[in-house]
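Chemist: when you get a sec, could you give me coordinates for this:
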Amino acid sequence: MTDLSGKRVAFVATDGFEDSELTSPWQAVTDAGATAVLIAPESGEIEGKNGHRQVVDELTADVDAGAFDALVLPGGVVNADHLRMDGNAVDFARAFFEQHKPVAAICHAAWLLVEAKVVDGRTLTSYPSLQTDLRNAGATWVDEEVVVEDGLVTSRTPDDLPAFNAKVVEEIAEGRHSAQSA
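Modeler: All right, here's what the predicted structure looks like:
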């Protein structure tokens, strides 16, 4: 098993996240030894679309990407739509690309990457309804279980979580990717 001991992984979400797309990667990185940190626009708890509740550790307004080794973005239509309207979340996500750190986005989470202007020239996947948005932002969209490109891991739906989780852990273990940039 890959050892992520000493690594800090930021998870950015808000109400309406797809429950399994937060809990499953969270379990994968913590099982590998990493510390997972939930970051949201507001303090307290957030609730997934299926009722999973989780306490917020830090706020998007207060965090620095330099304090983390990787970023994971769970999907969910409401979650992704609200996060892309939070300038702090957008800036935080963009900073991971500027610092060449691994980023993982599943389902609708790619909307935040569009807003952060980091998909132009990249190949990625997402929930199928985002393909036009991603293409309009300059990305090449493919319908695959998981796509990895220079430290960016993307997947389509909760059905893809086993492959997504494996690649998330692998990319975090590899560390910085010089080609990962904004």
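
Chemist: which residues are in contact with Val90?
Modeler: Going by CB atoms under 8 Å, 6 or more residues apart in numbering, Val90 touches 83-84, 112, 115-116. For glycine as for every other residue, the C-beta is placed from the backbone atoms N, C-alpha and C.

Chemist: please report how far the residue nearest to the spatial centre of the chain lies from Ser155.
Modeler: With distances taken as CA atoms, centre = their mean, the residue of the chain nearest its centroid is Leu73 (2.2 Å). According to CB to CB, to the nearest Å, Leu73 stands 11 Å off from Ser155.

Chemist: got any residues that touch both of those two?
Modeler: Ile106.

Chemist: not counting sequence-adjacent ones, nearest residue to Ala32?
Modeler: Leu4 (4.1 Å; CB to CB, 6 or more residues apart in numbering).

Chemist: near that neighbour, how many other residues are there?
Modeler: Counted by other CB atoms under 10 Å, the residues lying close to Leu4 total 23.

Chemist: I'd say it and Val169 touch.
Modeler: Yes: shown here, Leu4 and Val169 form a contact pair, counting by CB atoms under 8 Å, at 6.6 Å.

Chemist: picking up where we left off before, the contacts of Val90: which two are farthest apart?
Modeler: Greatest spacing in the contacts of Val90, by CB to CB: Leu83 and Ala116 (10.2 Å).

Chemist: more crowded one of those two?
Modeler: Leu83 (29 against 22).

Chemist: can you tell me how far the residue lying closest to the more buried one once chain neighbours are set aside is from Val148?
Modeler: Nearest non-adjacent residue to Leu83, counting by CB to CB, 6+ apart: Ala89, 4.6 Å away. Remark: distance between Ala89 and Val148 (CB to CB) = 23 Å.

Chemist: counting neighbours, go ahead and name the busier of those two.
Modeler: Taking other CB under 10 Å, Ala89 and Val148 do not tie; Ala89 has more neighbours (26 against 20).

Chemist: show me what counts as buried in the helix or strand where Asn88 lies.
Modeler: Here Asn88, judged by DSSP states H and E, is contained in helix 87-98. Applying a neighbour-count criterion of 16 or more other CB atoms under 10 Å, one finds 88-97 buried in helix 87-98.
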